[in-house]
Every structure is written in structure tokens, then in C-alpha cells.
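the sequence and its predicted three-dimensional model are supplied below.
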Amino acid sequence: MNILSIQSWVAYGHVGNASAVFPMQRLGHEVWAIHTVQFSNHTGYGAWKGRVYDGPMIEELVEGIAERGALARCDGVLSGYMGSPDIGTAIVGTARRVKQANPAALYCCDPVIGDVGRGIFVRPGIPEFMRDQAVPAADIITPNHFELEYLSGRTVTTLADARAAVEAIRANGPRIVMVTSLIVEDTPDDSIDLIACGPNGAFRLRTPRLSVSVNGAGDAIAALFFVHCADKGDEAHALSRAASSVYGLLRRTEAAGSREILTVAAQDEFVAPTQIFTPERLA
């Protein structure tokens, strides 16, 4: 497949496109990467160099790709961190333009807004843009627990709450929702849940909780879930493969004591995960 990935880039480490592009390439997909920011490193270090790009630059790059006659061969658009609302407008417009050229193309939006314990960490205007424009335009979205609550306007403490929140979002546009880092009342303390809901049903997958804390895992799992889902059309398969790969990646990162996710050193996990987790179908 040919995937147009529009998100952030760091020179040092792996977040945004620096976390999402290589796993998709390792699985054999062609990735056309456009960066929304160019930073020296991820902002979790507290200091960084670089700049945020603007919407017109994104549109200019897309126009250059279109002039090559390539948009009709684009199978999907993936977006993540958006540095400003005008970049968001350019991304959503690009997804629509790709779909006009190839009606079978899919748009996957990783709605990066915030996280439990941190709250909203993106610039003002981005959360509202995600909720009101990007998410309704998407075929697939991959929020975490915090973003699920924000996008649905619901508090999620039980599995039933999570499913109701997902269905509220699906009613607004996306056909498939995959939720990461989900912790509800029946999630064991030593585990973490993921759920995926779509036309084929609702599924939950549980993995052991790791102590590692690194950036970029959400970007990787969104990319992996998207390409597996687009390739097979099976949410359960995509959930299993994406979660298993990222668990293996994080486990090896933890074992190495690395602050940066080992995207390159643990690349075999993308193709052949060391441990395969099987999701359960929810009634």
C-alpha cells in the first residue's frame, strides 16, 4: 500500500513520523511522509529546537505529490500531532482530496490531544479542531483513554462506559475506533487494555503493564493498526498484530533501560512479534 503520513518529526529519537514511518515501511508499505513540525527532539525533554510548519506548506507539498499523478495510487492518509489548527485544516483537506482521487482510500486520525495525568498538552484550538472537524472526517481513529473521554464528552470508568463512548464517536463519523491505554474498573493493576470497535464487532485485548515510560508508542500503534486494518479489513486481526508488536517493542525498550523507544533495534517485532496477544470478542 501507499500511505501518506502527515505528522511531527524529530531528528533525535522516535515520535510522530519518526515512530510511525519505519514500522509501516518494515511491513512492506510505501510511505510518503510530510512533517507538521521539525524538532531536534520530543518536547518531553523540556527543551528542544526547531519550528512548527503551517497549513499552506502542507498543501504545497501535497500539490507537488498530486502533480506526479500519485494521489490516485494513495491507499490511505495517516495523521497525528497537529501543530496548529491551520495545519489540521490542511490535513483534513488533503484526506478529502485523496478520497476524491481514490474513493477506496482511508483516513486514519490519531487524535493527539492529551493523556491521563497530564491533561491537554497541545496548543489552544487543537482539541476543538480534532473533535469537531478531524474526527468526523476520519474512517479510523486511535484515541487513548483521555482522548476517548474528551471526544465523547463522557466519563469512562467501566467497559460499558468505554463502549458507549466509542459508539457516540462512531455515530459522528469514524467507522472504526481503537482505544489505547484503557484502564477501567475490571482492568487488573498489572495490566492495560485496548479495545477496537467497528463493522466486524467489538474486541478487547489485554497486555501486561510495563514500567517503561517513553514517547512514540502511541504513534507506532496507530500506524500499525491502520495498515493492518486497511490491509485485511479485520479490526480484531489489526488489534492483535499492532498491540503485540508494540508490546514487544516496549518490552525490549524496558529491558535496555532506554529513554527512547527502540524502533530500529527491535524492528523484528513489527514483522514477527515475539508474543501474540489474542483479543476477546465483546458481547
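Great, that's in hand.

the strands in this protein, which residues?
2-10, 30-39, 50-52, 76-79, 106-109, 114-115, 119-120, 140-141, 176-182, 191-198, 201-208, 280-281 (DSSP state E).

pull out the buried residues from stretch 118-133.
122, 126-127, 129-131, 133 (16 or more other Cβ atoms under 10 Å). From N, CA and C alone the C-beta is placed, and that goes for glycine too.

of those residues, which belong to helices?
126-127, 129 (DSSP state H).

and of these, the nearest to I192?
Distances from I192 to these, taken as Cβ to Cβ, are shortest for P127 (23.6 Å).

that closest one touches V112, doesn't it?
No: using Cβ atoms under 8 Å, P127 is not in contact with V112, being 9.8 Å away.

who are the packing partners of the longest helix seen in the chain?
Counting by DSSP H, the longest helix found in the chain is helix 235-256. Applying 3 or more Cβ pairs under 8 Å, 6 or more residues apart in numbering; DSSP states H and E, we find helix 235-256 packed against strand 176-182, strand 191-198, strand 201-208, helix 217-232, helix 268-271.

can you give me the angle that helix makes with helix 217-232?
Relative orientation of helix 235-256 and helix 217-232, computed by axes from the mean of the first three to the mean of the last three Cα atoms, to 10 degrees: 150 degrees.

tell me the mean pLDDT over helix 235-256?
Here helix 235-256 scores 97 as its mean pLDDT.

so for it, what gets flagged as buried?
Those would be 235-253, for helix 235-256 by 16+ other Cβ under 10 Å.

neighbours around G173, how many?
14 (other Cβ atoms under 10 Å).

coming back round to it: nearest to A33, out of the helices and strands packed on helix 235-256?
Here helix 217-232 is closest among the helices and strands packed on helix 235-256 (Cβ to Cβ), at 11.0 Å.

now do the contacts for L182.
By Cβ atoms under 8 Å, 6 or more residues apart in numbering, the contact set of L182 is 144-145, 148, 156, 162, 192-195.

any regions of the stretch 151-283 of the chain where pLDDT drops low?
Judged against pLDDT under 70, the stretch 151-283 of the chain has no low-scoring part.

alright, calling it a day.
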